[in-house]
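Q: Quick one: sequence and predicted model below, then my questions.
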Amino acid sequence: MEIESTFHMYVQPEVHPQLTPFCTELTGIIQAMVDGQPSLQQVLERVDEWMAKEGLLDPNVKSIFVTCGDWDLKVMLPGQCQYLGLPVADYFKQWINLKKAYSFAMGCWPKNGLLDMNKGLSLQHIGRPHSGIDDCKNIANIMKTLAYRGFIFKQTSKPF
């Protein structure tokens, strides 16, 4: 029940290369953090390499992505890949929506996402909201807490 490996990279935006003030205010990501970084295609190739290195592509290993909502893997990533003419790897086509899992476990919907889930479980929020790597740490912490309480996680996404 501990984090064994982490993948984190920034992506150089291709369509709108200049970050908006809204993006910077929401995520804390500044222009210098994305300038000169790999393209989405390059980062997705590196995700695949990392998953292979970690043994997550082995057919005998069960793994699944966990998101705070369906939007990232149901809408954003497939839409961006379609726009750029990139394939979407099969492992991105199924996931656990932590909001749904939390609502099954706790009996209430977390309107404010990770902040409400942390509060409902008496957990300290880690880092900055909407910072991808900090969100991952909070997701892992929430999952660990729910698992210790006996919750069994299941895929929540519908097959494509």
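A: Arrived safely.

Q: Check the gap between the closest residue in space to Ala140 that isn't next to it in sequence and Trp50 for me.
A: Leaving aside its sequence neighbours, Ala140 sits nearest to Ile3 (C-beta to C-beta, 6 or more residues apart in numbering; 5.8 Å). Backbone N, C-alpha and C define where each C-beta goes, glycine included. Ile3 sits 14 Å away from Trp50, taking C-beta to C-beta, to the nearest Å as the criterion.

Q: Can you spell out which residues form a bridge with the residue nearest the centre of the chain?
A: Compute the mean C-alpha point of the chain, and by C-alpha atoms, centre = their mean the closest residue is Thr67, 4.6 Å away. Beta-bridge pairing for Thr67 (DSSP bridges): Asn97.

Q: Check whether it really touches Lys100, as I assumed.
A: No - with contacts counted by C-beta atoms under 8 Å, Thr67 stays clear of Lys100, the gap being 10.0 Å.

Q: where do the strands sit along the protein?
A: With DSSP state E, the ranges of strands along the chain come out as 65-67, 95-97.

Q: hmm, back to that, against Pro159, how distant is the residue nearest to the centre of the chain?
A: Counting by C-beta to C-beta - Thr67 and Pro159 are separated by 16 Å.

Q: likewise Tyr102?
A: Distance from Tyr102 to Pro159, by C-beta to C-beta: 22 Å.

Q: ok, now Gln42?
A: In terms of C-beta to C-beta, Gln42 sits 28 Å off from Pro159.

Q: more crowded one of those two?
A: When neighbours are counted by other C-beta atoms under 10 Å, Gln42 and Pro159 differ, and Gln42 comes out ahead with 13 against 6.

Q: so what's the more buried one up against?
A: Neighbour list for Gln42: empty [criterion: C-beta atoms under 8 Å, 6 or more residues apart in numbering].

Q: Going forward, count from 18.
A: Sure, I'll start counting at 18 from here, so that last one is Gln59.

Q: What does the pLDDT read for it?
A: Gln59 is assigned a predicted lDDT (pLDDT) of 98.

Q: next one: the one 10 residues further on
A: At Ala69, the pLDDT value in this model is 98.

Q: Report how many residues lie close to it.
A: Ala69 has 11 neighbours, counted by other C-beta under 10 Å.
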